[in-house]
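Undergrad: quick one: sequence plus predicted model below, questions after.
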Amino acid sequence: MFRMINLLFRVALTEWKALLIDPAVMLVVVFGVIFYSFYYPYPYKNQIADKAPAAIVDLDHSVMSRQIIRAASAMQEDTIVAIYENELEAQKALADEKIYGYMKIPEGLERDLRNGQNVSVGVYCHGGFILLYGNVATAFTTAAMTVGATTQVKRIVMQGHSLNEAMAIRDPVPTRFFRMFNASGGYGIYAVSAVLMIILQQTLLVGVGVMGGPRKNRHFKVLKGAEETESAPLLIRYFGRSLTFILHYMLALFFFKHVIYHVFGFPDRGDSGLVFLFGLFFFGATVNMGMWMAQFFKHRETALFVFASVPIFVVFASGFSWPSGNMPRWIQMIAAFIPSTYAIPAWLSIQNLGANFHEVAPNLIKLFQLSVFYLFLGLVHAKREDLLAPIFHRAKRFRARWRRKEL
Amino acid sequence: MVLLLFVFPIALCTMIISMFSAEAPYNLPVGVVAEGGGELQGRILRAIETTKAATITVRCKDISECSSAMRSGEILAFVYVPHDLEEKAIRYETPAVTVYTNGQSLLTSKVITNDIRVAVATQGAVLVQNTIQNPIGVEVHIVGNPTGNYEHFLGIGLVIALFHVIAMLFGAYFFAFPIREREVGTWLSAAGNSMFAAYMGRLLPAVFVLGTEMTSILLLVRMGMPALEPIDRVVLFGGGYLMVATCIALGASFVGIVGEMRIALSAAAVVGGPAFAFCGQTFPVFAMPFVIRCWTFILPITQMMKLQSAFFFGHLGIERAFESFEVLAVFFVFWSLVAMLTLGIRLPRALRKEEAELCSA
């Protein structure tokens, strides 16, 4: 028993040494993780896209239109960079991305309002920018409605109400909004926290794949002299190598929690014990998935292009941005087999929202189930490979000899 | 190779486009903390229930219960309706309905906020029988995407981002393949030992396949958007081919520089992988730090995004689209020269190694 445990730790140590020496793996699981963790959040350092350039097309040139312009200029979300005389100029500026939206104040606005009529202003936003469209539209709408509210209150007073009553009648049940856990609506907090988990998952899968998963007797230069650990029994080999990756990535997870989150000012509400438990389940599922998939790759580099091509799909499939419930059923089914689908919501709940064990248990259980599922597939496949390896090896030698003869 | 050239681009694009097929989020789970009762409260809750965005799935005893449900991901927002709402409203005390949204999910937060605001305001106006509306109405138009369809917002960008990374990886894989398989001699002799012919012979078929895939998918996703004139199509789809070509040339340059498939693929993954985050479609470039803005400019994806977003305005965007087209063309020429130059140094070395191996065998 002691010998087995000793061998298990030696397998783990050999694997760790190998992944730190092999440039292709080291570049991904050490350099890649550190580099990405600074590189990805940096564009969002400012968190909020305030003061988006915007414009106004003033066709009324009245006191009231100037009031609207002043109100729009005072908004946090936009900066009025131009006031145009005709709409075509504004359209051109929008198409050229000199501005991201404009408001058109129609001719006769003040006159119509004084005559007791209602008027409508148009807000035009660039359809290609999700975040800015919302910001610019909100700023212009608030500005126009604020100016309109004064006239509305006056009209209600004229019906015989007091000023206080009129103000209450204008909006008798106001709605207050609180954005919990990310009060400023910081984009970095929203996007980066989720993407950090994708960085861990994908680099881990690449690492396991490039290292060949649980394969026996790998012929890597960096593994010269490690024959004993390379030919260790399957279970020792499998769990020893898995242990390496789990421990290595556990360090990365705590590096994110204690360094990256603080450097970029993300909320650190996670309980360390729970984060550890999360890491165990998340990396367990991911390593087992990698161990299974690695056995299909004939060449080590296949793992690189397979796992580097899919992150865009994987991150959106987790539902962190677009709700999972609104995705087609078949996409949900594919996503159900990816660890990040459960890991991202679990991580956000623990670390950003401060959830306790009870609140994240459903996602942790799913990760555990996924881990067991991939462990089973990985072990069965590895056993089969172990049995077939000598036959393949003989065939390969025979082919090489045949080729030499041909030459 | 088949995986990178056909399976991944088509399968992943299909999945990404299907993901947003609902066009806008709907039936998002919302909780309610309703103190007391009353007719107005009932009407407000019914109004929330009938909104497109929200559906009430949890009724909590207090705010902490709903907060817990939000932390566990059960709900994305909750509404707190205070007791005596109706009495206070009739007495003009303006009692507020409070909506708590999960700021960790910006998109759903925005959608829920908009719908609930309208639902509550409508019921309030009915209660006090206010017939005088705000005299200034606002009509919001999203140019090029009138229905606020997220397939157009995100789908197009993600398709481009996908081809950006796949083309870069493919470039690295395809140009390193002869080195790994010891086929440099065969490749160069087929090209008459001309570096230009050897480079173009590999580049052009790959550009044709990946470029055609990308432009076909873009054509599909752009359905329902402003119609394009023939010259616009040439610029848009030509730009697509140019972006693919530039990315493949970049991948080839990595091979030329490092001379090894694994490291070239790693470099392509590092540059191409997170490019979507830098291209400015989700978070605008003007709000990024200066260094990142410079980096963003030299990524082919940024230019392609600018090019395609110019056509949200139909023909009006042609001038700016041309600018991006020209930048892409310059990038392509530059990276092709780098690739040919570096491969020109790297390949003869690989060839000598191959010949030495053959001799020793």
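TA: Good, I have the coordinates. Since this is a predicted model, take the numbers as computed values, not measurements.
Undergrad: look up how far chain A lies from B:Leu203.
TA: Note on B:Leu203: its distance to chain A, by C-beta to the nearest C-beta, to the nearest Å, is 18 Å. (Glycine included, C-beta is placed from N, CA and C.)
Undergrad: which residues touch that residue?
TA: For B:Leu203, the contact set (C-beta atoms under 8 Å, 6 or more residues apart in numbering or on different chains) comprises B:245, B:248-249, B:252, B:336.
Undergrad: of these, closest to A:Gly127?
TA: Taking C-beta to C-beta as the measure, A:Gly127 lies nearest B:Ala245 of the contacts of B:Leu203, at 27.7 Å.
Undergrad: mind checking how far the spatially closest residue to B:Lys306 that is not a sequence neighbour is from chain A?
TA: Residue nearest to B:Lys306 in three dimensions, not counting chain neighbours: B:Ser324, with 4.5 Å by C-beta to C-beta, 6 or more residues apart in numbering or on different chains. Distance of B:Ser324 to chain A, given as C-beta to the nearest C-beta: 10 Å.
Undergrad: circling back to that earlier point, what about the contacts of B:Leu203, which are in helices?
TA: B:245, B:248-249, B:252, B:336 (DSSP state H).
Undergrad: what's the neighbour count on A:Arg114?
TA: Neighbour count for A:Arg114, taken as other C-beta atoms under 10 Å in any protein chain shown: 11.
Undergrad: for A:Thr141, same thing?
TA: Neighbours around A:Thr141, by other C-beta under 10 Å: 19.
Undergrad: which strand or helix spans it?
TA: A:Thr141 belongs to helix A:130-157 when assigned by DSSP states H and E.
Undergrad: and chain B, is that helix touching that?
TA: Yes - Helix A:130-157 reaches chain B (C-beta under 8 Å from any C-beta of the partner chain) through A:130-134, A:137, A:140-141, A:144-145, A:147-149, A:151-152, A:155-156.
Undergrad: and the next helix or strand past that helix?
TA: Counting by DSSP H and E, the next helix or strand C-terminal to helix A:130-157 is helix A:163-170.
Undergrad: dump the residue contacts of the residue nearest to B:Lys306.
TA: Neighbouring residues of B:Ser324 by C-beta under 8 Å, 6+ apart: B:239, B:303-304, B:306-307, B:310.
Undergrad: would you reformat those as a markdown table and include neighbour count?
TA: Putting the contacts of B:Ser324 into a markdown table (neighbours: other C-beta atoms under 10 Å in any protein chain shown) gives the following:
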| residue | neighbour count |
| --- | --- |
| B:Gly239 | 29 |
| B:Gln303 | 26 |
| B:Met304 | 30 |
| B:Lys306 | 25 |
| B:Leu307 | 26 |
| B:Ala310 | 28 |
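Undergrad: hmm, back to that, and the contacts of B:Leu203 as JSON lines, adding neighbour count, pLDDT and distance to chain A?
TA: Listed next are the contacts of B:Leu203 as JSON lines, based on neighbours: other C-beta atoms under 10 Å in any protein chain shown; pLDDT from 0 to 100; distance: C-beta to the nearest C-beta, whole Å:
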{"residue": "B:Ala245", "neighbour count": "27", "pLDDT": "97", "distance to chain A": "19"}
{"residue": "B:Ile248", "neighbour count": "30", "pLDDT": "97", "distance to chain A": "13"}
{"residue": "B:Ala249", "neighbour count": "27", "pLDDT": "97", "distance to chain A": "17"}
{"residue": "B:Ala252", "neighbour count": "30", "pLDDT": "96", "distance to chain A": "15"}
{"residue": "B:Ser336", "neighbour count": "21", "pLDDT": "96", "distance to chain A": "22"}
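Undergrad: how about those residues, which pair is most distant?
TA: Distance extremes for these: the farthest pair is B:Ala245 and B:Ala252 at 10.4 Å, using C-beta to C-beta.
Undergrad: mind listing what residue 16 touches?
TA: Because you didn't say which chain, this covers chain A. By C-beta under 8 Å, 6+ apart, A:Trp16 lies in contact with A:244, A:247-248.
Undergrad: that's the other chain; I wanted chain B
TA: If you count contacts by C-beta under 8 Å, 6+ apart, B:Ile16 has them with A:312-313, A:316, B:155, B:158-159, B:162.
Undergrad: so for those, which is the shakiest by pLDDT?
TA: pLDDT across the contacts of B:Ile16 is lowest for B:Gly155, at 86.
Undergrad: that residue: what's it in contact with?
TA: The contact partners of B:Gly155, taken as C-beta under 8 Å, 6+ apart, are B:16-17, B:20, B:221.
Undergrad: looking at those residues, which are in helices?
TA: Counted as lying in helices by DSSP H, out of those, are B:16-17, B:221.
Undergrad: just put the residues you listed in JSON lines and tack on pLDDT.
TA: Shown next, in JSON lines, are the ones in helices among the contacts of B:Gly155 (pLDDT from 0 to 100):
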{"residue": "B:Ile16", "pLDDT": "91"}
{"residue": "B:Ile17", "pLDDT": "90"}
{"residue": "B:Val221", "pLDDT": "84"}
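Undergrad: and which of those is nearest chain A?
TA: For the ones in helices among the contacts of B:Gly155, the residue nearest chain A by C-beta to the nearest C-beta is B:Ile16; the value is 5.9 Å.
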